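Output the structure for:
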Amino acid sequence: MRQPFVYSKTAYIPDRQLQRPRITKLLDAAMAHPLIAVTAGAGFGKSSAVYSFLQKQRRVVFWLQASMYDNLTVRFWEGLAQAVAARNPEYAAHILDSGFPNSERKLERFRALTQKYLLPGVKYVLVIDDFHLIHEEELLRFVYMLSVNPILNFSLILISREELKLSTAGLMLNGTIACITERDLCFDEDETRRYFQNMGFELSEAEVKQVLRNTGGWAFMISLLGYSLRNGTPHIKYALRAVQQNVYKLIDAEFFTDMPRELQNALIKCSLLEWVPIELLGVLIPESRRFKKIMQNSAFVRYDAYSSSLRIHPLFLEFLREKQDCLTDEDKQSTYAAAADWCHDHQNYVDAFIYFEKAGDYSGIARTAEGISLSGGSEFANSRATAKLLFEILERAGDNAFSKTPELIVLKMRVLQALGRFEDGKAYARAVIDELERGECDAEKYWLLSECYYYLGFYYIFTAILTSEHHLGTIFRKAYENYERSGRITRGYRVRCGVGAYINCVGAAALPGEFDWGNDQFAEYVRYAIDGKQGLMDGVLELARAEIAYYRADIKNAERFAAESYRLARRSEQFQVMTRALLFLLRIALHKGNPEKLKEYIKQLEEPLDHPEFYQGRILHEITLGWFFAHLGKTDMMAGWLKNNFESRDLISFFYGLEAIVKAKYQLAQGEEHLAIETI
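Numbers count the residues shown, from 1 in each chain. Just a heads-up that it's a prediction; the model follows:
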C-alpha cells in the first residue's frame, strides 16, 4: 500500500539545502491559481523546489508520485484515497466508495464531497509528481475539469518533465493556470555563488559565469560540480570538464564505484520497482546499516520520512536501469516476489498483480484476487479497470499456469463477468466443464466443476432479460452437487449480490403469468446459490416477489415479502438487497402515511454504511433517499449529483437504472417533463 499523507519525492539538489527566495516568490504568487504547472527536464530541481516551498507553508499537502501504472484509474484513485486517509479517513472512504469520477455526475459529487470536508480558511494542495507519465484520457480529463471548475481553497500542482497534455491555452487566457518553467528554475549568478559557498568553496565572478555558461544553470549539473570539488577535484575547470564529458560516468566515478558490490546490486534491484517501501530494504539490501549511512550523506538516494520509502533521483534511477542486465533472473524474480508479497499484505492489489506476474507467480495472483470482488461496479471501486488488467495478465499466462493453478480458471470467469462478456463466459465455462467431465474427478476437480456451473448460471441470469432463458435449475443443481462432492468450503471474498433497477429478469413484453412463472424458476435455483456461495442471493427471491406484488398494488403482500427479504439479506450481509427491500418498505410506509415506520426505515438504511465491504454503499444510499425526497417534493434535500441532466457516460454505472428513475422523479417534481422522458 502506498503510504498515506504525504507522498513525497524530493528531486536532487545540493546536500545542504539552498534557500532560493526567487523561486519561493514565484511559487507563492502561483498559489493564487487553482492549477500550477512546474515543467522542466530531469535535474532542474522541480520536486525539490516545490517540496521545500510547501514544507514552510501552513497548508495541507497531499503528494502523489505518479507511475506509468497510474494510468489505471483504479490505482490512481486508490493512491489518492490512501493519501487522504491519514488526515480524514471518513472523507477517504467516501471518495474511494464513489469511485474515480469518470463522468460529470461523479466529478460534481467529488467536488461536493471535497468541499464538505475542507476546513474553512485552510489552503489544501494536491501535488502530482512526474505527471508526464500520465496519458490516460480519463485522468487528463479529470485534472482539466478540476482546473476549469476549481474547488475553493484547493490548488493542484503538476510537476512534469514535458509540456502538459492538457489544453492549456484556455486555462492561460482565463488566468486559471500558473506556469513555472526551466528558465525559472535555472540557477542565477547569486544562487550559484551562494550554493558553492554552502559547500565551502569561494568562486570568483569569472568562475561563476563560467559555471553558468557551461551548465546553463542546470541544478543537477551544478550539484555534480559541487560533489566533484568536495571529493578532491583540484579546480572548478577540471570539475566542469568531467561533467561535460559524461554525466553517467561522473555518477559512476563519484558515487557508485566506491560502493560494495552487494550495495550496488541492491540499488539495481531497487530500480526494478516503481517505488520501494522502507520495509523492503531489509530484504533487498544486506548491509542496511551501511546503506542508511550512504543515504544520510547522499542526495542521489534518500529516505523519505513522509512516505516511509526510498527515493532515488530520476537521473540516477536511469543510470541504475541501464545496469539491470547485471542481475540474474533469480535476482529479478526474488525482487519482484518480495515486492508482490509486500503489496499483497498491504492490500495494494494492482501493484501486487503486476509484480506477481513479473515474478512468474500466478498462484500469488489468484491468492490476491481472493481478497477482492470484481463484480461490475457494485463491490469494488473502479472494478472494470482492475478486471481489464487481470484479463490482460491471464491472456499472457500460458496453459501451464492454468494447469498448475486451477484458481486462475475461476478468476478468468470472474473477470469475464465483471467485464460484461457473458457470451464469452458461457463458452469458456462450457469448454472447461466438457474437459473436466471427460476424465476422472477428484475433490479439486469437483470444486472446479462447481465453480464453472455456478458462473455459467450467473451468465444466464445476466442475459435472461434478453434471451428469456430461465430454466437454470439444472445448472445450479449441478453446481451445488459438485460443491458438496468437493468437500471444499467456499473461501476468499464474501460473495454479495448486485441488484439493478428492477429485480425480475422477465422482459417488458412478458405474457400473462410469465412473471409468476419466472419467479417459480428463480425459486428452483436460488437456494443452491445461498447454500453454496456464502449466502449469495439471500433475500432476492422475496425481493422479486415484493416487486411484483407492489406493482400489482397488492400492498399487504408487498410489505410482507419486502420485510422478509430485508431479514434474510441482513443475516447474509447482502447489503444491496437490504437497501432495495428498505426502498420498497419506504414506499409502502409513504402509501400508508406512517411517519414512525419512515423514521425506522431511514435509520435502518444507515446501518450498513460503515461496513468496509459495502462498496459504493453511499451512492446507493443517496439514490434511495433521493427517490424518497423527490417523491415528497423536497428536492433541496437530494444529493446534488442526482439533479444533473442525464449523460451517456453514466451508462457504465451499476446503479444507472435506479439512478435514472430517481433523476426522472426529480425532473417531474421540477415540472421538466421533457427531460424526464429523455432520461427514461
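
Which helix in this protein has the most residues?
Longest helix in the chain by number of residues (criterion: DSSP state H): helix 443-467.

which strands and helices sit next to it?
Helices and strands touching helix 443-467, by 3 or more CB pairs under 8 Å, 6 or more residues apart in numbering; DSSP states H and E, are helix 407-418, helix 422-437, helix 473-486, helix 514-532. (Glycine included, C-beta is placed from N, CA and C.)

could these go into JSON lines alongside mean pLDDT and mean neighbour count?
Output for the helices and strands packed on helix 443-467, formatted as JSON lines (pLDDT from 0 to 100; neighbours: other CB atoms under 10 Å):
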{"stretch": "helix 407-418", "mean pLDDT": "91", "mean neighbour count": "23"}
{"stretch": "helix 422-437", "mean pLDDT": "93", "mean neighbour count": "16"}
{"stretch": "helix 473-486", "mean pLDDT": "86", "mean neighbour count": "19"}
{"stretch": "helix 514-532", "mean pLDDT": "71", "mean neighbour count": "19"}
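
Dump those helices into CSV; add distance to residue 346 as well.
Listed next are the helices and strands packed on helix 443-467 as CSV, based on distance: least, CB to CB, whole Å:
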stretch, distance to residue 346
helix 407-418, 21
helix 422-437, 31
helix 473-486, 32
helix 514-532, 32
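
that older thread, what inclination does the longest helix of the chain have with respect to helix 422-437?
150 degrees (axes from the mean of the first three to the mean of the last three CA atoms, to 10 degrees).

Give me the residues contacting helix 443-467.
406, 409-410, 413-414, 417, 420, 422-423, 425-426, 429-430, 432-433, 436-437, 439, 441, 469-470, 472, 475-476, 478-480, 482-483, 485-488, 505-507, 525, 529, 532-533 (CB atoms under 8 Å, 6 or more residues apart in numbering).

if we go to 7 Å?
Residues from elsewhere that reach helix 443-467 (CB atoms under 7 Å, 6 or more residues apart in numbering): 406, 409-410, 413, 417, 422, 425-426, 429-430, 432-433, 436, 469-470, 472, 475-476, 478-479, 482-483, 485-488, 505, 507, 525, 532-533.

Over to stretch 409-426?
By CB under 7 Å, 6+ apart, stretch 409-426 touches 366, 369, 374-376, 383-384, 387-388, 390-391, 394, 402, 428-429, 432, 448, 451, 455-456, 458-459, 462-463.

switch the cut-off to 6 Å
366, 369, 374, 376, 383, 387, 390-391, 394, 402, 429, 432, 451, 455, 459, 462-463 (CB atoms under 6 Å, 6 or more residues apart in numbering).

how close does the residue lying closest to residue 516 once chain neighbours are set aside get to residue 185?
Excluding the flanking residues, the one nearest residue 516 by CB to CB, 6 or more residues apart in numbering is residue 548, at 7.4 Å. When distance is defined by CB to CB, to the nearest Å, residue 548 is 68 Å away from residue 185.

which one of those two has more residues nearby?
residue 185 (25 against 19; other CB atoms under 10 Å).

mind checking the SS state of the closest residue to that one other than its chain neighbours?
Leaving aside its sequence neighbours, residue 185 sits nearest to residue 44 (CB to CB, 6+ apart; 4.5 Å). Here residue 44 is recorded as coil under DSSP: H, G, I helix; E, B strand; the rest coil.

list the contacts for residue 44?
Residue 44 touches 182, 185, 219, counting by CB under 6 Å, 6+ apart.

List the ones among these that fall in helices.
Cross-referencing those against helices under DSSP H gives 182, 185, 219.

Surely the first one is in contact with residue 42?
No: judged on CB atoms under 6 Å, residue 182 makes no contact with residue 42 at a distance of 10.7 Å.

Strands along the stretch 251-400 of the chain, start to end?
276-277, 301-304, 309-312 (DSSP state E, counting those that start in this stretch).

Spatially central residue for this structure, please.
residue 74 (2.6 Å; CA atoms, centre = their mean).

okay, now the closest residue to residue 657 other than its chain neighbours: neighbour count?
Spatial nearest neighbour of residue 657, excluding adjacent residues (CB to CB, 6+ apart): residue 501 at 2.6 Å. Using other CB under 10 Å, residue 501 has 13 neighbouring residues.

ok, now which ones touch residue 528?
Taking CB under 6 Å, 6+ apart as the test, what residue 528 contacts is 476, 480.

Can you tell me how far it is from residue 484?
Taken as CB to CB, the span from residue 528 to residue 484 is 10 Å.

so residue 38 sits in a strand?
Yes: under three-state DSSP, residue 38 falls within a strand.

Isn't the residue nearest to the centre of the chain up against residue 388?
No: using CB under 6 Å, residue 74 is not in contact with residue 388, being 9.4 Å away.

Just checking the distance from the helix or strand hosting residue 229 to the centre of its chain.
Residue 229 belongs to helix 219-230 when assigned by DSSP states H and E. Relative to its chain's centre, helix 219-230 lies at 39 Å (CA atoms, centre = their mean, to the nearest Å).
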